[in-house]
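Colleague: Give me a model of this one.
(chains A, B, C and D)
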2 protein chains.
Amino acid sequence: MKVRKTAGFPPASAPDDTHGDGPDFELIELFFFAYRDFVGEPDRLLEKHGFGRAHHRVLHFVNRNQGLHVAELLELLEITKQSLARVLKDLIEAGLIEQRAGETDRRQRLLFLTAEGAALAASLAEMQDARVARAKAAIGAHNRGTIVRFLSELIDPRASLLPRKATEPRQP
Amino acid sequence: MKVRKTAGFPPASAPDDTHGDGPDFELIELFFFAYRDFVGEPDRLLEKHGFGRAHHRVLHFVNRNQGLHVAELLELLEITKQSLARVLKDLIEAGLIEQRAGETDRRQRLLFLTAEGAALAASLAEMQDARVARAKAAIGAHNRGTIVRFLSELIDPRASLLPRKATEPRQP
DNA sequence: GAAATATGTCAATAACGTTGACGCAAATAG
DNA sequence: CTATTTGCGTCAACGTTATTGACATATTTC
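Modeller: Below you'll find the predicted structure:
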């Protein structure tokens, strides 16, 4: 394949669409490429365990919200019960996630990471954090708030999601 | 479903992980949610046409690089020939994309949007641009460069991709 | 003319998502 | 206390997007 190559990244954004009056293609494309690479690196690690991106998301959110129950996870991910079922089953069978019955409501299945699950979640988070850290360094730590604000504004306002503080296990 | 709801978005990031020494979960999660909503809105429009996200990407990059040939598109998207084939076929059959034989190399299939294809691409781009515009307004126009820099740093450095200026059709 | 290249196509497979329906256990309403 | 609702798991069927490997055809290049 003889492709004419020239220097320059990002790829498909000419410098002159920075100030154009059409859509901000540069940002739109950067966002696409950035997200692709942001998840691509974890994907490769997950593949070695026989998991996919969906498993990553479950690991991540269980890690961040230990003790959440299935309905909460479904709301967070905005997927259906059946979509979650397969992925969750994989993770439980692999010994990365444990279920315990809720104490106040014993129908609920509270989800926790095992030590092994926490280890994988940490590895994945470190990959993404290292990437984010590089990017933060490039813009200077004082500009982190700008990124937070920007990304937050991209998100659809929702009714609100998690009821409790993220990191701590539930107090029944 | 009786879920205890409280105010507050973003969802699963406690305010106190902003300055923690672990991974920057806040940014990691914001990025996930932001991308989901960023593509979610176009997804809903595409669905009405019977297309999916893959069609969007092809429309977008053909729009931005009219006259590119198949191999270039494959490189940009980082997918395989077979993955592209179905999507491209759909778009050609729907009359949104046209192929013309390359003039210097008649094996090449140069890709162009039809008027109809350009219209859909524009609608999709406008949706995403409106969202981005809101976010830019929130941070102030002078901070756009920070976002560009940040996103660029998240991207894996590659050998380099498109050889020519993005918007203009190829000069053979 | 032979070899490499650009594209299209066939077949098989996997990951991730969907909807709809049903069953069971536990909580709650009457 | 019975009846209904809720939380969860599961079965079946299906759609979209991606993968790999192989092969056919047209065209360019050596």
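
Colleague: Let me see the ranges of the helices in chain A.
Modeller: Remark: helices assigned in chain A by DSSP state H are A:25-48, A:53-64, A:70-77, A:81-93, A:115-139, A:144-154.

Colleague: So is the third one next to chain B?
Modeller: Yes: for helix A:70-77 and chain B, the contact criterion (C-beta under 8 Å from any C-beta of the partner chain) is met by A:A71, A:E72, A:E75, A:L76. For every residue, glycine as well, the C-beta is placed using N, CA and C.

Colleague: Which residue is the nearest non-sequential neighbour of the closest residue to DNA strand C within chain A?
Modeller: Evaluated by C-beta to the nearest atom of the strand, chain A has A:G52 as its residue closest to DNA strand C, separated by 1.7 Å. Counting by C-beta to C-beta, 6 or more residues apart in numbering or on different chains, A:G52 lies nearest to A:L46, which is 6.1 Å off, once chain neighbours are set aside.

Colleague: contacting residues around the one you found?
Modeller: The contact partners of A:L46, taken as C-beta atoms under 8 Å, 6 or more residues apart in numbering or on different chains, are A:G52, A:R53, A:H55, A:H56, A:L124.

Colleague: Might one say that the third one is in contact with A:E93?
Modeller: What it means is A:H55. No: A:H55 is not in contact with A:E93 according to C-beta atoms under 8 Å; the separation is 11.6 Å.

Colleague: The two - which one has more neighbours?
Modeller: Legend: neighbour count by other C-beta atoms under 10 Å in any protein chain shown for A:H55 and A:E93, higher for A:H55 (22 against 9).

Colleague: How about the contacts made by that one?
Modeller: Going by C-beta under 8 Å, 6+ apart, A:H55 touches A:L46, A:H49, A:V87, A:D90, A:L91.

Colleague: Which pLDDT does the model give it?
Modeller: pLDDT for A:H55: 98.

Colleague: got it, and the one 5 residues further on?
Modeller: Per-residue pLDDT puts A:H60 at 98.

Colleague: how many other residues sit next to it?
Modeller: Neighbours of A:H60 under the rule other C-beta under 10 Å: 22.

Colleague: doesn't A:A122 make contact with it?
Modeller: No: using C-beta under 8 Å as the test, A:H60 is too far from A:A122 to be in contact (10.5 Å).

Colleague: returning to that earlier point: narrow the residues of helix A:70-77 next to chain B to just the buried residues.
Modeller: A:E72, A:E75, A:L76 (16 or more other C-beta atoms under 10 Å in any protein chain shown).

Colleague: Spatially nearest residue to the residue positioned nearest the centre of chain A, not counting backbone neighbours?
Modeller: For chain A, the residue lying nearest the average C-alpha position, counting by C-alpha atoms, centre = their mean, turns out to be A:R57 (5.6 Å). Spatial nearest neighbour of A:R57, chain neighbours left out: A:L77 (6.0 Å); criterion: C-beta to C-beta, 6+ apart.

Colleague: ok, now A:P23?
Modeller: If you skip the residues right next to it in sequence, A:P23 has B:D129 as its closest partner in space, 3.6 Å away by C-beta to C-beta, 6+ apart.
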